[in-house]
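Peer 1: model this:
(one chain, ligands or ions: 2)
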Amino acid sequence: MRRLRVNIPGREYELVIGAGLLRSAGALLRDVIPCKRAFVVTDGNVAPLYGETLCAALRNERIEPSLLTVPPGEGSKSQAVLFGLYDKMLEAQITRGDVIIALGGGVIGDLAGYAAATLLRGIPFVQIPTTLLSQTDSSVGGKVAINHPHGKNLIGAFHQPKLVIADTDTLKTLPLRELACGLAEVIKHGAIADAGLFSLLEEDVSDYAGLIDRNCDIKRRVVEADEFDTGGRFVLNFGHTFGHAVEAQGGFSRYNHGEAVAIGMVTAAVLGEKLGVTTSGTAERLRRVLTLHGLPVSSDEAPDWSLTLTDKKRDGDTLRLVLLKEIGEAILYPIDVNKLLELLK
Ligand code: NAD
Ligand code: GLY
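Peer 2: Ligands and ions are numbered 1, 2, ... in the order given. Okay, the predicted model is just below:
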(Lines give C-alpha, C1' and ligand atoms only; values in the text may rest on other atoms or scores of the structure.)
(Ligands and ions follow the chains in the order given, each with its own letter.)
Protein backbone atom coordinates (compact mmCIF):
# COMPACT_ATOMS: atom_id res chain seq x y z
CA MET A 1 0.00 0.00 0.00
CA ARG A 2 1.33 3.46 -0.93
CA ARG A 3 0.13 6.78 0.46
CA LEU A 4 0.41 10.19 -1.18
CA ARG A 5 -0.75 13.37 0.53
CA VAL A 6 -2.51 16.23 -1.24
CA ASN A 7 -1.41 19.34 0.65
CA ILE A 8 -4.12 21.95 0.23
CA PRO A 9 -4.16 24.01 3.44
CA GLY A 10 -7.33 23.17 5.40
CA ARG A 11 -8.37 20.49 2.92
CA GLU A 12 -5.48 18.00 3.05
CA TYR A 13 -6.21 14.38 2.19
CA GLU A 14 -4.53 11.11 1.41
CA LEU A 15 -4.51 9.00 -1.72
CA VAL A 16 -4.16 5.36 -0.68
CA ILE A 17 -3.12 3.13 -3.57
CA GLY A 18 -2.74 -0.65 -3.60
CA ALA A 19 -4.11 -4.11 -4.42
CA GLY A 20 -7.14 -5.41 -2.52
CA LEU A 21 -7.85 -2.15 -0.66
CA LEU A 22 -11.61 -2.36 -1.15
CA ARG A 23 -11.80 -4.90 1.66
CA SER A 24 -10.08 -2.43 4.02
CA ALA A 25 -12.15 0.55 2.90
CA GLY A 26 -14.24 0.67 6.11
CA ALA A 27 -11.15 0.79 8.31
CA LEU A 28 -9.44 3.39 6.09
CA LEU A 29 -12.59 5.52 6.17
CA ARG A 30 -13.04 5.14 9.92
CA ASP A 31 -9.54 6.61 10.47
CA VAL A 32 -10.55 9.77 8.58
CA ILE A 33 -14.29 10.36 9.16
CA PRO A 34 -16.20 9.23 12.25
CA CYS A 35 -19.50 8.52 10.45
CA LYS A 36 -22.35 6.07 11.04
CA ARG A 37 -23.89 6.05 7.55
CA ALA A 38 -22.44 5.99 4.04
CA PHE A 39 -24.32 6.66 0.80
CA VAL A 40 -22.43 4.70 -1.86
CA VAL A 41 -23.09 5.97 -5.39
CA THR A 42 -22.13 3.54 -8.12
CA ASP A 43 -23.22 2.41 -11.58
CA GLY A 44 -24.92 -0.67 -12.98
CA ASN A 45 -21.64 -2.24 -14.14
CA VAL A 46 -19.66 -1.64 -10.97
CA ALA A 47 -22.40 -2.46 -8.42
CA PRO A 48 -22.49 -6.23 -9.12
CA LEU A 49 -18.67 -6.43 -9.22
CA TYR A 50 -17.71 -4.43 -6.12
CA GLY A 51 -20.84 -3.11 -4.38
CA GLU A 52 -21.16 -5.93 -1.85
CA THR A 53 -17.42 -6.09 -1.04
CA LEU A 54 -17.48 -2.39 -0.17
CA CYS A 55 -20.75 -2.61 1.79
CA ALA A 56 -19.38 -5.55 3.82
CA ALA A 57 -16.17 -3.63 4.54
CA LEU A 58 -18.25 -0.69 5.81
CA ARG A 59 -20.52 -2.89 7.94
CA ASN A 60 -17.41 -4.45 9.53
CA GLU A 61 -16.66 -0.99 10.92
CA ARG A 62 -20.30 -0.43 11.98
CA ILE A 63 -20.95 2.03 9.15
CA GLU A 64 -24.40 1.44 7.62
CA PRO A 65 -24.20 1.55 3.80
CA SER A 66 -26.94 2.48 1.29
CA LEU A 67 -26.08 1.51 -2.28
CA LEU A 68 -27.46 3.94 -4.89
CA THR A 69 -27.00 2.61 -8.42
CA VAL A 70 -27.29 4.79 -11.54
CA PRO A 71 -27.05 3.75 -15.21
CA PRO A 72 -23.46 3.41 -16.53
CA GLY A 73 -22.12 6.05 -18.89
CA GLU A 74 -21.69 9.77 -19.40
CA GLY A 75 -25.49 10.20 -19.68
CA SER A 76 -25.68 9.88 -15.89
CA LYS A 77 -23.88 13.21 -15.43
CA SER A 78 -27.29 14.81 -15.90
CA GLN A 79 -29.80 16.88 -14.00
CA ALA A 80 -32.32 14.01 -13.97
CA VAL A 81 -29.91 11.47 -12.46
CA LEU A 82 -28.50 14.03 -10.00
CA PHE A 83 -32.00 14.95 -8.77
CA GLY A 84 -32.83 11.23 -8.45
CA LEU A 85 -29.86 10.94 -6.05
CA TYR A 86 -30.94 14.06 -4.12
CA ASP A 87 -34.43 12.52 -3.74
CA LYS A 88 -33.11 9.25 -2.34
CA MET A 89 -30.63 10.87 0.04
CA LEU A 90 -33.13 13.43 1.32
CA GLU A 91 -35.80 10.74 1.80
CA ALA A 92 -33.22 8.91 3.94
CA GLN A 93 -32.64 12.17 5.89
CA ILE A 94 -28.96 12.47 5.05
CA THR A 95 -26.98 14.74 7.41
CA ARG A 96 -23.60 16.44 7.29
CA GLY A 97 -22.38 13.74 9.67
CA ASP A 98 -22.84 11.09 6.95
CA VAL A 99 -20.51 10.45 4.02
CA ILE A 100 -21.07 10.10 0.27
CA ILE A 101 -18.79 7.57 -1.41
CA ALA A 102 -18.22 7.44 -5.18
CA LEU A 103 -17.53 3.83 -6.22
CA GLY A 104 -16.78 3.76 -9.94
CA GLY A 105 -15.14 5.68 -12.75
CA GLY A 106 -14.91 9.38 -13.45
CA VAL A 107 -18.61 9.66 -14.24
CA ILE A 108 -19.54 8.44 -10.78
CA GLY A 109 -16.84 10.56 -9.11
CA ASP A 110 -18.02 13.72 -10.85
CA LEU A 111 -21.73 13.02 -10.25
CA ALA A 112 -21.53 11.83 -6.63
CA GLY A 113 -19.01 14.58 -5.89
CA TYR A 114 -21.36 17.24 -7.22
CA ALA A 115 -24.21 15.80 -5.13
CA ALA A 116 -21.88 15.91 -2.09
CA ALA A 117 -20.82 19.49 -2.84
CA THR A 118 -24.38 20.78 -3.10
CA LEU A 119 -26.60 18.72 -0.76
CA LEU A 120 -27.03 20.57 2.56
CA ARG A 121 -24.22 22.87 1.24
CA GLY A 122 -21.66 20.12 1.56
CA ILE A 123 -21.42 16.52 2.74
CA PRO A 124 -18.06 14.76 3.32
CA PHE A 125 -17.04 12.86 0.22
CA VAL A 126 -14.76 9.88 -0.48
CA GLN A 127 -13.56 8.67 -3.87
CA ILE A 128 -13.08 4.95 -4.57
CA PRO A 129 -12.06 5.07 -8.24
CA THR A 130 -12.29 1.83 -10.25
CA THR A 131 -11.10 2.85 -13.75
CA LEU A 132 -7.57 3.69 -14.86
CA LEU A 133 -8.78 7.18 -15.78
CA SER A 134 -10.24 7.84 -12.36
CA GLN A 135 -7.30 6.28 -10.48
CA THR A 136 -4.73 8.33 -12.39
CA ASP A 137 -6.65 11.57 -12.77
CA SER A 138 -10.28 12.37 -11.98
CA SER A 139 -10.45 11.20 -8.34
CA VAL A 140 -7.74 13.72 -7.39
CA GLY A 141 -8.28 17.47 -7.25
CA GLY A 142 -11.89 18.03 -6.25
CA LYS A 143 -13.42 19.00 -9.60
CA VAL A 144 -16.98 17.68 -9.63
CA ALA A 145 -19.66 18.36 -12.22
CA ILE A 146 -22.58 17.35 -14.35
CA ASN A 147 -23.10 18.16 -18.02
CA HIS A 148 -25.64 20.55 -19.57
CA PRO A 149 -27.12 20.25 -23.08
CA HIS A 150 -24.92 23.31 -23.88
CA GLY A 151 -21.75 21.43 -23.01
CA LYS A 152 -19.56 19.32 -20.83
CA ASN A 153 -19.05 19.90 -17.07
CA LEU A 154 -20.78 23.29 -17.26
CA ILE A 155 -22.45 22.89 -13.84
CA GLY A 156 -19.92 22.07 -11.18
CA ALA A 157 -17.99 22.87 -8.05
CA PHE A 158 -14.68 22.33 -6.31
CA HIS A 159 -15.24 19.82 -3.50
CA GLN A 160 -12.12 18.01 -2.36
CA PRO A 161 -12.60 14.43 -1.15
CA LYS A 162 -11.63 13.53 2.42
CA LEU A 163 -9.90 10.39 1.15
CA VAL A 164 -9.17 8.56 -2.12
CA ILE A 165 -8.82 4.77 -2.11
CA ALA A 166 -7.53 3.29 -5.38
CA ASP A 167 -7.75 -0.52 -5.35
CA THR A 168 -5.61 -1.57 -8.32
CA ASP A 169 -7.26 -5.02 -8.35
CA THR A 170 -10.44 -3.43 -9.72
CA LEU A 171 -8.60 -2.76 -12.99
CA LYS A 172 -8.62 -6.53 -13.68
CA THR A 173 -12.28 -6.34 -14.75
CA LEU A 174 -11.96 -3.13 -16.76
CA PRO A 175 -12.65 -3.55 -20.51
CA LEU A 176 -9.63 -2.85 -22.78
CA ARG A 177 -11.38 0.13 -24.36
CA GLU A 178 -11.68 1.74 -20.91
CA LEU A 179 -8.03 1.00 -20.07
CA ALA A 180 -7.08 2.84 -23.27
CA CYS A 181 -9.23 5.82 -22.19
CA GLY A 182 -7.26 5.98 -18.96
CA LEU A 183 -4.02 5.91 -20.92
CA ALA A 184 -5.19 8.99 -22.86
CA GLU A 185 -5.10 11.08 -19.64
CA VAL A 186 -1.79 9.43 -18.67
CA ILE A 187 -0.35 10.40 -22.06
CA LYS A 188 -1.70 13.91 -21.40
CA HIS A 189 0.20 14.07 -18.09
CA GLY A 190 3.39 13.01 -19.89
CA ALA A 191 2.82 15.55 -22.67
CA ILE A 192 2.29 18.50 -20.29
CA ALA A 193 4.66 17.72 -17.44
CA ASP A 194 6.80 14.60 -17.70
CA ALA A 195 8.77 13.87 -20.89
CA GLY A 196 10.21 10.72 -19.26
CA LEU A 197 6.71 9.34 -18.66
CA PHE A 198 5.81 10.11 -22.27
CA SER A 199 8.88 8.21 -23.54
CA LEU A 200 7.95 5.25 -21.33
CA LEU A 201 4.48 5.22 -22.87
CA GLU A 202 6.03 5.11 -26.33
CA GLU A 203 7.34 1.65 -25.36
CA ASP A 204 5.68 -0.17 -22.48
CA VAL A 205 2.81 0.17 -20.02
CA SER A 206 2.61 -3.12 -18.15
CA ASP A 207 3.16 -1.55 -14.68
CA TYR A 208 -0.21 0.07 -14.00
CA ALA A 209 0.46 0.46 -10.27
CA GLY A 210 3.61 2.49 -11.05
CA LEU A 211 1.65 4.58 -13.54
CA ILE A 212 -1.01 5.39 -10.94
CA ASP A 213 1.57 6.61 -8.39
CA ARG A 214 3.42 8.72 -10.95
CA ASN A 215 0.26 10.29 -12.39
CA CYS A 216 -1.35 11.00 -9.03
CA ASP A 217 1.86 12.75 -8.05
CA ILE A 218 1.77 14.96 -11.17
CA LYS A 219 -1.88 15.82 -10.63
CA ARG A 220 -1.36 16.41 -6.89
CA ARG A 221 1.41 18.94 -7.55
CA VAL A 222 -0.60 20.89 -10.13
CA VAL A 223 -3.70 21.00 -7.92
CA GLU A 224 -1.73 22.07 -4.84
CA ALA A 225 -0.37 25.03 -6.80
CA ASP A 226 -3.76 26.14 -8.19
CA GLU A 227 -6.72 24.43 -6.53
CA PHE A 228 -9.35 26.73 -8.05
CA ASP A 229 -8.21 26.63 -11.67
CA THR A 230 -7.15 30.23 -12.08
CA GLY A 231 -4.18 29.60 -14.38
CA GLY A 232 -1.61 26.94 -13.51
CA ARG A 233 -4.17 24.12 -13.37
CA PHE A 234 -5.34 24.96 -16.90
CA VAL A 235 -2.51 22.78 -18.25
CA LEU A 236 -4.47 19.70 -17.12
CA ASN A 237 -6.95 20.72 -19.76
CA PHE A 238 -4.54 20.02 -22.63
CA GLY A 239 -6.66 18.50 -25.43
CA HIS A 240 -9.90 19.12 -23.54
CA THR A 241 -11.08 22.29 -25.34
CA PHE A 242 -11.27 20.30 -28.56
CA GLY A 243 -12.04 16.97 -26.85
CA HIS A 244 -15.11 18.35 -25.10
CA ALA A 245 -16.40 19.63 -28.46
CA VAL A 246 -15.89 16.19 -30.05
CA GLU A 247 -17.59 14.52 -27.08
CA ALA A 248 -20.59 16.89 -27.19
CA GLN A 249 -20.94 16.57 -30.97
CA GLY A 250 -21.17 12.79 -30.59
CA GLY A 251 -23.98 13.19 -28.05
CA PHE A 252 -21.60 11.97 -25.28
CA SER A 253 -21.90 8.42 -26.62
CA ARG A 254 -19.91 8.15 -29.88
CA TYR A 255 -16.56 8.76 -28.14
CA ASN A 256 -15.69 8.09 -24.51
CA HIS A 257 -14.05 10.96 -22.66
CA GLY A 258 -10.50 9.59 -23.03
CA GLU A 259 -10.97 8.98 -26.76
CA ALA A 260 -12.24 12.52 -27.28
CA VAL A 261 -9.26 13.89 -25.32
CA ALA A 262 -6.93 11.86 -27.57
CA ILE A 263 -8.43 13.52 -30.65
CA GLY A 264 -8.29 16.88 -28.86
CA MET A 265 -4.59 16.53 -28.01
CA VAL A 266 -3.65 15.85 -31.64
CA THR A 267 -5.78 18.82 -32.73
CA ALA A 268 -4.00 21.07 -30.19
CA ALA A 269 -0.56 19.84 -31.29
CA VAL A 270 -1.31 20.38 -34.99
CA LEU A 271 -2.60 23.87 -34.20
CA GLY A 272 0.44 24.62 -32.02
CA GLU A 273 2.77 23.64 -34.84
CA LYS A 274 0.77 25.79 -37.28
CA LEU A 275 1.11 28.75 -34.89
CA GLY A 276 4.87 28.12 -34.52
CA VAL A 277 4.47 27.55 -30.77
CA THR A 278 4.95 23.78 -30.69
CA THR A 279 8.16 22.02 -31.75
CA SER A 280 7.52 20.41 -35.11
CA GLY A 281 7.12 16.63 -34.98
CA THR A 282 5.18 16.79 -31.68
CA ALA A 283 1.80 16.04 -33.29
CA GLU A 284 3.32 13.02 -35.03
CA ARG A 285 4.76 11.68 -31.74
CA LEU A 286 1.34 12.09 -30.14
CA ARG A 287 -0.40 10.35 -33.04
CA ARG A 288 2.02 7.41 -32.79
CA VAL A 289 1.72 6.89 -29.04
CA LEU A 290 -2.08 7.23 -29.07
CA THR A 291 -2.40 4.78 -31.96
CA LEU A 292 -0.07 2.35 -30.16
CA HIS A 293 -2.53 2.29 -27.26
CA GLY A 294 -5.62 1.86 -29.42
CA LEU A 295 -6.86 5.44 -29.24
CA PRO A 296 -8.36 7.49 -32.08
CA VAL A 297 -6.39 10.46 -33.45
CA SER A 298 -9.11 12.10 -35.53
CA SER A 299 -12.88 12.29 -35.44
CA ASP A 300 -14.84 10.21 -37.94
CA GLU A 301 -17.06 13.19 -38.74
CA ALA A 302 -16.05 16.79 -39.54
CA PRO A 303 -15.78 18.40 -36.07
CA ASP A 304 -18.08 21.30 -35.19
CA TRP A 305 -15.49 23.53 -33.54
CA SER A 306 -18.09 26.18 -32.63
CA LEU A 307 -18.74 23.82 -29.71
CA THR A 308 -15.42 25.02 -28.22
CA LEU A 309 -17.05 28.37 -27.46
CA THR A 310 -18.52 27.19 -24.13
CA ASP A 311 -15.02 26.37 -22.84
CA LYS A 312 -14.53 27.52 -19.24
CA LYS A 313 -11.15 29.04 -20.14
CA ARG A 314 -12.90 31.62 -22.34
CA ASP A 315 -13.02 35.22 -21.17
CA GLY A 316 -15.01 37.45 -23.55
CA ASP A 317 -13.57 36.91 -27.03
CA THR A 318 -10.33 35.41 -25.74
CA LEU A 319 -9.81 31.73 -25.08
CA ARG A 320 -6.76 30.64 -23.13
CA LEU A 321 -5.72 27.59 -25.09
CA VAL A 322 -3.37 25.00 -23.64
CA LEU A 323 -0.64 24.21 -26.17
CA LEU A 324 2.62 22.31 -25.92
CA LYS A 325 5.97 24.00 -26.29
CA GLU A 326 7.41 20.51 -26.60
CA ILE A 327 6.67 17.11 -25.07
CA GLY A 328 6.82 17.62 -21.29
CA GLU A 329 6.04 21.36 -21.28
CA ALA A 330 2.67 23.06 -21.67
CA ILE A 331 1.97 26.77 -22.06
CA LEU A 332 -1.13 28.97 -22.08
CA TYR A 333 -1.77 30.70 -25.39
CA PRO A 334 -4.51 33.35 -25.41
CA ILE A 335 -6.25 33.47 -28.77
CA ASP A 336 -9.20 35.37 -30.21
CA VAL A 337 -12.08 32.90 -30.63
CA ASN A 338 -12.82 34.05 -34.19
CA LYS A 339 -9.17 33.58 -35.17
CA LEU A 340 -9.24 30.15 -33.57
CA LEU A 341 -12.31 29.06 -35.54
CA GLU A 342 -10.68 30.39 -38.73
CA LEU A 343 -7.47 28.42 -38.09
CA LEU A 344 -9.42 25.24 -37.42
CA LYS A 345 -11.27 25.37 -40.74
P1 NAD B 1 -16.85 5.91 -16.58
O2 NAD B 1 -17.02 6.33 -15.18
O3 NAD B 1 -18.01 6.01 -17.48
O4 NAD B 1 -16.32 4.40 -16.59
C5 NAD B 1 -16.11 3.76 -17.82
C6 NAD B 1 -16.89 2.43 -17.92
O7 NAD B 1 -16.23 1.44 -17.14
C8 NAD B 1 -18.32 2.49 -17.41
O9 NAD B 1 -19.13 1.72 -18.26
C10 NAD B 1 -18.23 1.84 -16.04
O11 NAD B 1 -19.44 1.23 -15.66
C12 NAD B 1 -17.16 0.80 -16.26
N13 NAD B 1 -16.38 0.42 -15.09
C14 NAD B 1 -15.90 1.23 -14.13
N15 NAD B 1 -15.07 0.54 -13.32
C16 NAD B 1 -15.05 -0.73 -13.78
C17 NAD B 1 -14.36 -1.90 -13.37
N18 NAD B 1 -13.45 -1.87 -12.38
N19 NAD B 1 -14.57 -3.05 -14.05
C20 NAD B 1 -15.44 -3.05 -15.11
N21 NAD B 1 -16.10 -1.97 -15.57
C22 NAD B 1 -15.89 -0.81 -14.90
O23 NAD B 1 -15.67 6.71 -17.31
P24 NAD B 1 -14.20 7.16 -16.91
O25 NAD B 1 -13.42 7.03 -18.15
O26 NAD B 1 -13.72 6.51 -15.67
O27 NAD B 1 -14.40 8.69 -16.56
C28 NAD B 1 -14.78 9.64 -17.54
C29 NAD B 1 -15.40 10.82 -16.84
O30 NAD B 1 -14.45 11.42 -15.98
C31 NAD B 1 -15.87 11.91 -17.81
O32 NAD B 1 -17.16 12.32 -17.46
C33 NAD B 1 -14.88 13.04 -17.57
O34 NAD B 1 -15.44 14.29 -17.80
C35 NAD B 1 -14.52 12.83 -16.13
N36 NAD B 1 -13.23 13.40 -15.74
C37 NAD B 1 -13.20 14.18 -14.64
C38 NAD B 1 -12.01 14.72 -14.20
C39 NAD B 1 -11.97 15.52 -12.94
O40 NAD B 1 -10.92 16.07 -12.61
N41 NAD B 1 -13.05 15.61 -12.22
C42 NAD B 1 -10.81 14.45 -14.90
C43 NAD B 1 -10.88 13.64 -16.02
C44 NAD B 1 -12.10 13.12 -16.44
N1 GLY C 1 -9.15 17.39 -15.29
C2 GLY C 1 -8.76 18.74 -15.17
C3 GLY C 1 -8.50 19.19 -13.77
O4 GLY C 1 -8.61 18.44 -12.84
O5 GLY C 1 -8.19 20.33 -13.59
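Peer 1: burial measure for the residue nearest to A195 when sequence neighbours are not counted, as a count.
Peer 2: Excluding its sequence neighbours, the residue lying closest to A195 (Cβ to Cβ, 6 or more residues apart in numbering) is G328, at 3.0 Å. Every residue, glycine included, has its C-beta placed from N, CA and C. By other Cβ atoms under 10 Å, the residues close to G328 number 16.
Peer 1: give me every residue that touches G328.
Peer 2: G328 sits next to G190, A191, I192, A193, D194, A195, G196, F198 when contact means Cβ atoms under 8 Å, 6 or more residues apart in numbering.
Peer 1: And the furthest pair within these?
Peer 2: Largest separation among those by Cβ to Cβ: I192 and G196, giving 13.0 Å.
Peer 1: Neighbour count: those two, which is higher?
Peer 2: A direct count of neighbours by other Cβ under 10 Å for I192 and G196 places I192 higher, at 24 against 10.
Peer 1: how near is that one to ligand 2?
Peer 2: Applying Cβ to the nearest ligand atom, to the nearest Å, the value for I192 to ligand 2 is 11 Å.
Peer 1: cool, and K325?
Peer 2: Distance from K325 to ligand 2, by Cβ to the nearest ligand atom: 20 Å.
Peer 1: From the contact counts, what lies against the strand or helix carrying D31?
Peer 2: Taking DSSP states H and E as the definition, one finds D31 inside helix 25-32. Packing partners of helix 25-32 (3 or more Cβ pairs under 8 Å, 6 or more residues apart in numbering; DSSP states H and E): strand 13-18, helix 52-60, strand 125-129, strand 163-167.
Peer 1: Try it again at 7 Å.
Peer 2: With contacts taken as 3 or more Cβ pairs under 7 Å, 6 or more residues apart in numbering; DSSP states H and E, helix 25-32 sits against helix 52-60, strand 163-167.
Peer 1: Show me what counts as buried in stretch 296-303.
Peer 2: Neighbour-count burial for stretch 296-303 flags P296, V297, S299, P303 (criterion: 16 or more other Cβ atoms under 10 Å).
Peer 1: Going along the chain, name the strands of the stretch 151-300 of the chain.
Peer 2: 151-158, 163-167 (DSSP state E, counting those that start in this stretch).
Peer 1: which one of those strands lies closest to ligand 2?
Peer 2: Relative to ligand 2, the nearest member of these by Cβ to the nearest ligand atom is strand 151-158, separated by 8.9 Å.
Peer 1: Residues in contact with the closest one: which ones?
Peer 2: With contact meaning Cβ atoms under 7 Å, 6 or more residues apart in numbering, strand 151-158 is reached by 114, 117-118, 142-148, 227-228, 244, 247-248, 307, 310.
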